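Peer 1: Below is the sequence, then the predicted model.
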Amino acid sequence: MATTISRDDVLHLAELSNLILTDAEIDSMSKDLESILGYVAQLDELDTDGVEPTYQVIDLENVWREDKVVPHVADKDNLLAIAPDTENGQIKVPKVL
Amino acid sequence: MAKISEYLGGSAVDNVKKAIVAAKSVSKYNSLLELCEERALDLAAKVDAGEIKGRLAGVPFVAKDNFLTFGSKTTAASHFLENFEAPLQATAIEKLEAEGAICIGKSNLDAFAHGGSTENSAFGPTLNAADETRVAGGSSGGSAVATALGVVPFALGTDTGGSIRQPASFNGVVGVKPTYGMVSRYGVVAMASSTDTIGCFASCAEDAELVMDIIAGHDDLDMTTLPDYFDPTTLDMPKRVGIIKEFMSDDVDEDVRNATRTYATKLEASGFTVSEVSLPMLKYTLAMYYIIVPAEISSNLARYDGVRYGVRAETNDLNELYGKSRDQGFEAENKRRIMIGSYVLSSGFFDAYYLKAQKARTLLINEFNKAFEDYDILMGPVSPTPAFKLGANSSDPMKMYLADIMTVGASLAGLPAISVPAGVSADSLPIGVQLIGQRRSDALLLAVAKSQEGK
């Protein structure tokens, strides 16, 4: 299992993570990721052939509800009030295209 | 420390004023980020006027600052949310308020609950209640310290991999991490959805039991909640206790091991049978945890994009807005965990890391299930050492993660686990012992803890 994390790897991961990192952060991140990934590689010792993965622990099933509007304290006005920028009842962002 | 019963029957306004004075007098510990004085006094006046009644009428408490609350900001101890005014309240807060309890402040944590010392807070670390040169533990460090210092009789926290149990142990209070799904997580900042739980700190097991009884139960707003099964009144006391062998190795501080043995001896004197049990999979739990939890963090924290709430970086480019807002809003540990998550979920590595860890998690659960055929309760230390010095582990994330090695197992398996005070080290630092039970045995664990208090 490869646990060498280059500067390019860090930049790729930062892109996947929508993070813009400073140069100092990039250097320390590659060292930290190598150390952590090196540690977790010990799972290779385990034989997991034929073992089902556990994604959640309480046997959850899909929960259905009626498609009905229920009033909630966090209404449209309250949610817009916490947005950084709004216009005409909508959240405003810089130009997309 | 303070007990809930000391606050019942008196003036709620006096209780709140007293708690606020107490909070201000211990401000050097940085256990609380903000006080909700105005709202607390309003609620207290309603309690005194008889408009709000309940089992916690007029009892002050604090909530970790990742619970959404009215009357204060909710920051998750992050720059990202440093001015965030929640548009709703967490279900746990609503349930406590319905019983007359009054939130007087928001407690410090590692930003977004990522950490085990509260040193990752964007607003400075919390100091240990027993030794100001040491960490509070974390991530719910502020709640543990506020309880230990007697500011309030109980506090809410969250526990994803030990974030209630470890600070409870470090500060000498009771800390409860319930069965996964027992308490609604609605209105609490999400970290790792398959292990996030909500619990409490208190000075004694009886108070913790009352708080858990109130906040437990199904919530239409959280589809992962279980029906309310928490019932402290009809219990068959368990008898068979297993001390986890893997947690008693020479790597573990001697005072910590001795505290565990002493607690076991007390249990034996009370009629429990105690013997050693081996769970070899526990050795691998930290590796599983630091794959699965960062994966879920990278997904859950994708919502902090600078668009709908929280900080927004100044820029005319949308992609830069996402990236720069996240860079400004997150602490180094948040970024580290997001990046690990992106790595283990990325194509080419998914099977080797994420899927492997989820399969290993099945093996761990199988091993716990087998142990519970022979034992009603498993016990061991909470953390390998008492509270460490501030700054001691800050430069090495892996060293910091190792403080979680005894708590992450119960989290990955969804088991209830509590930390109860079990003495002090040679340096007078508090040491807790951990009791772990089968799913839905939360009330039993607290009953055992109650049976040993004062012995």
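Peer 2: Yes, it's here.
Peer 1: For chain B, see how far away residue A:58 is.
Peer 2: Distance, residue A:58 to chain B, by CB to the nearest CB, to the nearest Å: 5 Å. (Each C-beta comes from the backbone N, C-alpha and C, glycine too.)
Peer 1: any idea whether that residue is helix, strand or coil?
Peer 2: coil (DSSP: H, G, I helix; E, B strand; the rest coil).
Peer 1: burial count for it?
Peer 2: Neighbourhood size, residue A:58 [other CB atoms under 10 Å in any protein chain shown]: 16.
Peer 1: go on, residue A:89?
Peer 2: 8.
Peer 1: So for it, what's the pLDDT?
Peer 2: Residue A:89 carries a pLDDT score of 95 in this model.
Peer 1: Kindly report the same for residue A:2.
Peer 2: So, for residue A:2, pLDDT stands at 51.
Peer 1: So which bits of the stretch 51-200 of chain B are right by chain A?
Peer 2: Neighbours of chain A within the stretch 51-200 of chain B, by CB under 8 Å from any CB of the partner chain: B:84-85, B:87-89, B:180-181, B:194.
Peer 1: pLDDT below threshold where in chain A?
Peer 2: Within chain A, the stretches with pLDDT under 70 are A:1-2.
Peer 1: redo that, cut-off 80
Peer 2: A:1-3, A:59-61, A:97 (pLDDT under 80).
Peer 1: In contact with the spatially most central residue of it, which residues?
Peer 2: Chain A has residue A:17 as the residue nearest its centroid, 7.0 Å off, counting by CA atoms, centre = their mean. Counting by CB atoms under 8 Å, 6 or more residues apart in numbering or on different chains, residue A:17 touches B:298, B:326, B:335, B:338-339, B:341-342.
Peer 1: Residue B:404 and residue B:3: what is the separation?
Peer 2: 30 Å (CB to CB, to the nearest Å).
Peer 1: So for these two, which residue has more residues nearby?
Peer 2: residue B:404 (26 against 15).
Peer 1: before we move on, the earlier item: so which of the residues of the stretch 51-200 of chain B next to chain A are in helices?
Peer 2: Among those, the subset assigned to helices under DSSP state H is empty.
Peer 1: and the residues you listed as CSV, adding pLDDT and neighbour count?
Peer 2: CSV is the format used below for these (pLDDT from 0 to 100; neighbours: other CB atoms under 10 Å in any protein chain shown):
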residue, pLDDT, neighbour count
B:84, 97, 19
B:85, 96, 16
B:87, 97, 19
B:88, 97, 19
B:89, 98, 23
B:180, 98, 25
B:181, 97, 24
B:194, 97, 21
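Peer 1: and the nearest residue to residue B:302 once chain neighbours are set aside, helix, strand or coil?
Peer 2: On the basis of CB to CB, 6 or more residues apart in numbering or on different chains, the spatially nearest residue to residue B:302 that is not a chain neighbour turns out to be residue A:18, at 7.3 Å. Secondary structure, three-state DSSP: residue A:18 is coil.
Peer 1: Tell me who's in contact with residue A:18.
Peer 2: B:302, B:305, B:322-323, B:326.
Peer 1: burial count for residue B:373?
Peer 2: Neighbour count of residue B:373, defined by other CB under 10 Å: 6.
Peer 1: Can you tell me which of the contacts of residue A:18 is closest to residue B:275?
Peer 2: residue B:302 (46.6 Å; CB to CB).
Peer 1: Report the secondary structure state of that closest one.
Peer 2: helix.
Peer 1: ok, now the one 4 residues further on?
Peer 2: In the three-state summary, residue B:306 is assigned as coil, counting by three-state DSSP.
Peer 1: State the distance from residue B:242 to residue B:164.
Peer 2: 22 Å.
Peer 1: Which residue of the two possesses the greater neighbour count?
Peer 2: Using other CB under 10 Å as the criterion, residue B:242 and residue B:164 rank with residue B:164 on top: 35 against 23.
Peer 1: Who are the contact partners of that one?
Peer 2: B:140, B:143-144, B:157-158, B:175-177, B:199-201, B:419.
Peer 1: again, but for residue B:282
Peer 2: B:244, B:246-247, B:364, B:409.
Peer 1: Strands of chain A, start to end?
Peer 2: A:86-87, A:90-91 (DSSP state E).
Peer 1: how far does the first one sit from the chain's center?
Peer 2: I take that to be strand A:86-87. Mean-position distance between strand A:86-87 and its chain equals 27 Å (CA atoms, centre = their mean, to the nearest Å).
Peer 1: Please name every helix or strand in contact with it.
Peer 2: Here strand A:86-87 touches no other helix or strand, going by 3 or more CB pairs under 8 Å, 6 or more residues apart in numbering or on different chains; DSSP states H and E.
Peer 1: in its sheet, what does it sit against?
Peer 2: Paired neighbours of strand A:86-87 in the sheet (DSSP bridges): strand A:90-91 (antiparallel).
Peer 1: just how off-centre is the partner strand within its chain?
Peer 2: For strand A:90-91, the distance to the chain centre is 24 Å (CA atoms, centre = their mean).
Peer 1: now do stretch A:62-80
Peer 2: 24 Å.
Peer 1: May I have the distance across that stretch, first residue to last?
Peer 2: Start and end residues of stretch A:62-80 are separated by 30 Å (CA to CA, to the nearest Å).
Peer 1: which outside residues touch it?
Peer 2: Contacts of stretch A:62-80 (CB under 8 Å, 6+ apart): A:86, A:89, A:91, B:87-89, B:220, B:223, B:308.
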